[in-house]
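A.B. asks: whatever this is, show me its structure:
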Amino acid sequence: MDGEMQVVEYEGETALQITSRNAYMEIDPAVVQGNASFSFDVYVDTSVDRNFRVYLENTVTEISDPNNIVFAELINNRNSQVNAGPGIDVQNNPLFTYAQLGESQWVHFDIELDYTAADSEFITMSAAKADGTPLGEVKMSAIDDKDTSLRSIRLVQTAAACCFANMSFTCSPQPTAPPPTASPTPRPTIDPSITPDPAVQSWTFDSIDIGTTYESGDTISGVGGGELAITKAEADTIPPTVKERAAGDGYLEFNDATTAGTVRQAGWAYTPSVPMEGDRITVEFDFIKGDTDKDTILFRAFDSVNADSSNTYASDGRVFEVKTGEDGSLKLSDYFSAGSAGKPLDIDISGVTLRENTWYGLRVVYTKADDTVKVYFKTGSGEYSLKSTVVLGSGTKMSGVTEVPALSLDKLMCVTPGGGSVVYGVDNIWVENYVYVPEDVSVTGEAYTLFSHDLKNSLEPFDSTIAGTLEFTKSGETEPYATTALSSDGTYSTELETGSTYTVEFVPTSGTAEYTLSPMSLEPLDLKLGEESGHKNLLFMKNREPVEYKDTVYVGADKEYKNLNEAMADIRTMVGREENGVQKPVTIILDPGTYYGQVIIDVPHITIKSADPSNRAVLSNYYGIGYVYYSMGDNSYYNADYAAAKIRKNTATRWGATVRVTGDYFTAEDIYFDNTFNQVVTDAELADGVEPGGGSRKDFTRASGANVRTKAATERAAALAVDADYCEIIGCKMVSSQDTLYTGGMMYFKDCEIYGNTDYIFGGDNVVFDSCDLVWYGYSGSRDGGHITANKNGSETDAGYFLTGCTVKRNPDSSMSFGAGTFGRNWGGGLLSKVFFYDTTIADGVDLPSTWSAMGGSVSESPLYAVNTHREGSASDLTTSSSYNPHGTATSVPTIADYFGDWVPSNYSAE
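C.D. replies: Numbering: from 1, shown residues only. All right, here's what the predicted structure looks like:
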């Protein structure tokens with residue numbers, strides 16, 4: 001030191017008090033080019049200006065000559081603020097002011113030096129109050145042309161004594177050379193005389209004089225040597241201009257208020273010397289707009305070689321863009337997917353509402369391996385958060401397009417709308433062209449077991465008797481790259497190198513004679529370059545022998561089968577069930593309780609019934625339309641292999657039915673068929689990776705606690721879907737909101753409760769509902785109606801729906817609201833829609849349905865009738881008008897024989 005100092009107790013801290021000039025800390029030369037962090041507290045006395053400085057120096061000397069050896073400083077200056085900057089006696093780059101601080105107190109400072117960062121972000125200085133309240137942060141470069149080797153940190157006392165406490169210095173060694181760069185994707189021959197731009201380009205406007213203006217064709221050089229080309233609208237009296245964002249912080253402002261000329265847009269563009277061949281390309285910048293109108297292209301990406309009019313919606317190589325929409329919205333345009341009117345597909349970026357004259361940050365990341373574009377967003381100096389992930393070309397493609405090419409971006413740009421008086425500012429533009437290199441990453445997984453080889457079964461916890469080793473071998477090699485034991489709970493962990501595909505083999509030590517690995521478990525593991533980790537789950541299928549035929553089987557916690565799917569798995573392969581070409585009947589008795597999972601009844605002559613009719617067994621699941629799930633197989637039904645693997649998602653078909661029946665002569669007695677999709681978001685659904693997707697994508701985020709009983713959240717979700725004949729549903733309950741019950745055959749319903757709102761009984765073909773309760777499920781927060789039926793028969797000879805002696809009720813849940821619905825919609829249209837309501841009771845508190853609603857043409861063309869509709873305790877027919885009988889007055893009331901011919905349901909008795 002070249003001054004005086006002493007250790008004192010000061011304002012509650014043990015402090016180093018400097019009473020005369022300088023004290024310095026020498027830094028080991030081994031970290032001259034490493035990264036360094038210096039943390040300390042200073043007592044900032046707001047009654048005194050200029051009582052401390054901190055110098056970062058490139059030379060060790062007792063006498064500091066800041067003009068020669070200082071490359072950055074922190075200074076308590078004369079203007080009642082603490083400044084940070086690369087210049088000596090910096091006066092106009094405030095880290096915080098005394099006004100922010102409020103009163104004299106200890107202030108914590110952090111100084112970070114990152115020798116791997118861009119020059120503009122080499123130094124980060126931040127400050128916070130003693131209670132942790134942030135005061136400010138500055139990122140900056142060093143003084144121009146100065147040696148930035150950190151050899152000394154000097155603490156300087158100026159006008160008054162100063163106190164430092166809790167000082168900490170950490171550093172990292174000099175960075176080692178990175179691994180060799182991976183070979184780029186093959187491209188057209190590039191002139192060898194052209195030197196590719198560095199991997200990172202950045203542009204800030206802090207060192208450009210405020211008020212500097214630009215004309216079209218002017219360029220701005222950035223860190224990395226890239227040139228930012230400027231476009232100026234013609235006849236514009238306000239050219240692109242550098243403005244002041246804050247003291248010492250400039251930004252570039254565009255104004256496209258022109259009303260003349262052929263170029264009415266302003267903006268910037270970066271064209272790299274050669275196309276960016278990186279595996280991951282990131283573009284980041286801050287922006288501000290003077291309005292919330294649409295059509296400012298914040299960022300547009302081009303690939304003029306791989307993308308043209310044969311596979312995108314533009315001939316100039318546009319591939320994707322992020323732009324502003326109406327009312328402050330943000331959108332991503334996918335030029336490989338079809339939108340409306342021959343335009344690319346615009347995808348709303350959720351969770352963003354722009355306000356005028358507010359600074360925001362946008363980060364766009366394109367990943368070549370999976371054609372994804374991720375959009376991150378922040379407000380002001382906040383943290384970035386992921387707002388949208390879009391797979392390019394995942395929508396409906398234009399004719400002739402089969403796949404999205406691996407892109408090599410050769411131009412990036414921003415464009416204002418033109419002629420609209422749009423004022424738009426941009427700052428801190430940063431572009432990274434990153435090439436992945438092979439590296440070892442963590443690979444983990446877990447194993448499950450399955451009741452049998454039937455993949456319709458539900459996953460079960462791992463059987464701890466299975467023991468052995470997993471071997472991962474690179475494709476084309478014979479020796480494993482890594483081996484790891486499978487633990488008793490079915491989990492494992494190992495490390496594998498990215499950029500390779502591995503075969504997976506399980507070498508057993510015990511227990512596996514009873515099990516076989518599933519097909520997806522044996523699929524190779526592909527670890528792409530750039531992946532930060534890997535995951536592969538395993539499914540062990542029990543080698544179960546076929547069982548002998550039984551006419552009755554039992555399901556329950558203490559029964560031979562734990563759920564309905566296990567029983568069905570054995571029934572499908574029963575020995576001796578077929579007799580003279582006919583399947584013998586099997587009855588499945590279910591104990592009270594809730595059985596989760598989708599069930600497929602795909603063999604004939606199955607009866608399922610509750611052991612206790614007064615306590616119905618519940619069959620429950622959560623699938624709905626407009627979303628994708630891990631557990632959905634390629635056929636859009638549940639598949640245990642997919643559920644275990646969790647590597648890709650598919651949509652549901654047949655309205656995501658909890659129970660799907662394709663076997664004739666199916667009977668259900670006293671069963672509760674439940675689809676929770678429009679009732680609650682379950683933990684199982686979230687674990688299944690539910691997210692919007694598919695051709696009927698629903699833009700509603702399903703999260704824990706989300707209210708999915710609103711009309712906005714509602715989608716099609718069936719509790720029961722039957723594509724079979726001679727089926728009887730007796731004393732059962734079916735609950736959903738939209739498309740609750742689908743009928744596709746000859747069926748008889750007796751004494752059932754059917755809940756729903758929209759088309760909650762739908763399909764065809766010859767179906768009788770006898771003495772059933774038709775219950776409006778209702779909505780949370782809105783009094784909307786719905787449609788009881790939506791009939792669409794397979795042919796004009798089908799009789800359609802006959803609802804006799806039924807009662808229209810309301811959900812007893814008092815939190816649900818109800819409006820006046822209709823008797824139904826003519827889904828099939830014409831003679832393909834036939835519905836006859838007879839002797840219908842409207843319960844107290846329920847509105848009389850408001851006639852019929854058109855869906856397949858005029859309702860007058862379809863035989864739709866409502867006869868003898870009355871209130872409870874009244875004989876007065878409320879539906880005698882032509883609006884309730886648009887096809888004319890019914891000449892007679894149907895009979896069961898009109899719908900079933902020679903078939904007489906076993907549970908039907910003529911009264």
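
A.B. asks: my guess is residue 751 meets residue 769, correct?
C.D. replies: No. Here residue 751 does not reach residue 769: they are 10.0 Å apart, not a contact under Cβ atoms under 8 Å. Quick note: C-beta positions are derived from backbone N, CA and C, even for glycine.

A.B. asks: where does pLDDT dip in the stretch 251-400 of the chain?
C.D. replies: 258-264, 398-400 (pLDDT under 70).

A.B. asks: now the strands for it?
C.D. replies: In the stretch 251-400 of the chain, the segments counted as strands under DSSP state E, counting those that start in this stretch are 267-270, 280-289, 297-302, 318-324, 330-338, 344-348, 360-367, 372-379, 385-391.

A.B. asks: need these in TSV with distance to residue 853, can you?
C.D. replies: Formatted as TSV, those follow (distance: least, Cβ to Cβ, whole Å):
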stretch	distance to residue 853
strand 267-270	50
strand 280-289	44
strand 297-302	43
strand 318-324	39
strand 330-338	31
strand 344-348	30
strand 360-367	45
strand 372-379	40
strand 385-391	36
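
A.B. asks: make JSON lines out of the ones you listed and add mean neighbour count and distance to residue 639.
C.D. replies: Output for the strands of the stretch 251-400 of the chain, formatted as JSON lines (neighbours: other Cβ atoms under 10 Å; distance: least, Cβ to Cβ, whole Å):
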{"stretch": "strand 267-270", "mean neighbour count": "21", "distance to residue 639": "46"}
{"stretch": "strand 280-289", "mean neighbour count": "20", "distance to residue 639": "32"}
{"stretch": "strand 297-302", "mean neighbour count": "22", "distance to residue 639": "37"}
{"stretch": "strand 318-324", "mean neighbour count": "24", "distance to residue 639": "33"}
{"stretch": "strand 330-338", "mean neighbour count": "23", "distance to residue 639": "27"}
{"stretch": "strand 344-348", "mean neighbour count": "19", "distance to residue 639": "29"}
{"stretch": "strand 360-367", "mean neighbour count": "20", "distance to residue 639": "28"}
{"stretch": "strand 372-379", "mean neighbour count": "18", "distance to residue 639": "25"}
{"stretch": "strand 385-391", "mean neighbour count": "16", "distance to residue 639": "22"}
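
A.B. asks: which one of residue 751 and residue 769 has more residues nearby?
C.D. replies: A direct count of neighbours by other Cβ atoms under 10 Å for residue 751 and residue 769 places residue 769 higher, at 25 against 15.

A.B. asks: next structured bit after the host helix or strand of that one?
C.D. replies: Using DSSP states H and E, residue 769 sits in strand 758-770. Moving toward the C-terminus from strand 758-770, the next helix or strand (DSSP H and E) is strand 773-776.

A.B. asks: who's in contact with the helix or strand where residue 5 lies?
C.D. replies: Take DSSP H and E as the rule and residue 5 turns out to sit in strand 4-10. For strand 4-10, contacts defined as Cβ atoms under 8 Å, 6 or more residues apart in numbering pick out 14, 15, 16, 17, 18, 19, 20, 21, 23, 43, 163, 165.

A.B. asks: by neighbour count, which of those wins?
C.D. replies: Of the contacts of strand 4-10, residue 163 is surrounded by the most neighbours, 25 neighbours in total, counting by other Cβ under 10 Å.

A.B. asks: ok, that residue to residue 106 distance?
C.D. replies: From residue 163 over to residue 106 the distance is 9 Å, taken as Cβ to Cβ, to the nearest Å.
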